[in-house]
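In: structure for the following, please:
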Amino acid sequence: MQVVALSCQHPGSGRRQKKGEALVMQQGPGDSTSGAAGGQGRGLSGGAIASLTGVGLLLIFMIQNTEDVTLDFLFWSFTWPLWLFTIVIALAGALVWFGFGVIRRHRRREARRN
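Out: Numbering: from 1, shown residues only. You can find the predicted model right below:
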């Protein structure tokens with residue numbers, strides 16, 4: 001970690017800092033002051049655990065369902081492996097979910113501005 005201090009006095013010394021001079025302090029790997037290095041970190045959030053669980057279940061489903069399926073949609077008809085269809089639909093759903101999040105954030109920003 002690098003810290004650039006633009007204060008007028010160096011900590012621990014009586015020497016004044018010259019104008020335009022920067023004080024650079026570096027922190028080593030064992031000098032951590034946060035709880036994360038001591039095993040007291042927050043760990044995974046609930047959303048991360050839910051996402052990893054969902055991805056794991058999706059992978060299990062895809063591994064177990066490898067047969068080909070015929071898909072009929074309007075006037076199209078095509079045959080895909082079920083695992084490929086599953087991942088395409090999962091990615092499309094994730095894209096829609098992400099899009100709704102972007103729209104929600106945009107509306108909240110506009111509401112804060114007004």
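In: pull the residues that contact stretch 66-84.
Out: Here stretch 66-84 makes contact (C-beta atoms under 8 Å, 6 or more residues apart in numbering) with 62, 63, 65, 85. Glycine gets a C-beta too; all of them are placed from N, C-alpha and C.
In: end-to-end on that stretch?
Out: 9 Å (C-alpha to C-alpha, to the nearest Å).
In: rewinding a little: now pLDDT too, for the contacts of stretch 66-84, in a markdown table please.
Out: Putting the contacts of stretch 66-84 into a markdown table (pLDDT from 0 to 100) gives the following:
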| residue | pLDDT |
| --- | --- |
| 62 | 84 |
| 63 | 87 |
| 65 | 83 |
| 85 | 88 |
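In: just the buried ones from those residues?
Out: Burial by neighbour count, 16 or more other C-beta atoms under 10 Å: within these this picks out 62, 85.
In: tabulate the contacts of stretch 66-84 (TSV), appending distance to residue 76.
Out: Conversion of these to TSV gives the following (distance: C-beta to C-beta, whole Å):
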residue	distance to residue 76
62	23
63	27
65	22
85	13
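In: now the contacts of stretch 66-84 as JSON lines including distance to residue 108 and secondary structure?
Out: Below are those laid out as JSON lines (distance: C-beta to C-beta, whole Å; DSSP: H, G, I helix; E, B strand; the rest coil):
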{"residue": "62", "distance to residue 108": "35", "secondary structure": "helix"}
{"residue": "63", "distance to residue 108": "40", "secondary structure": "helix"}
{"residue": "65", "distance to residue 108": "39", "secondary structure": "coil"}
{"residue": "85", "distance to residue 108": "35", "secondary structure": "helix"}
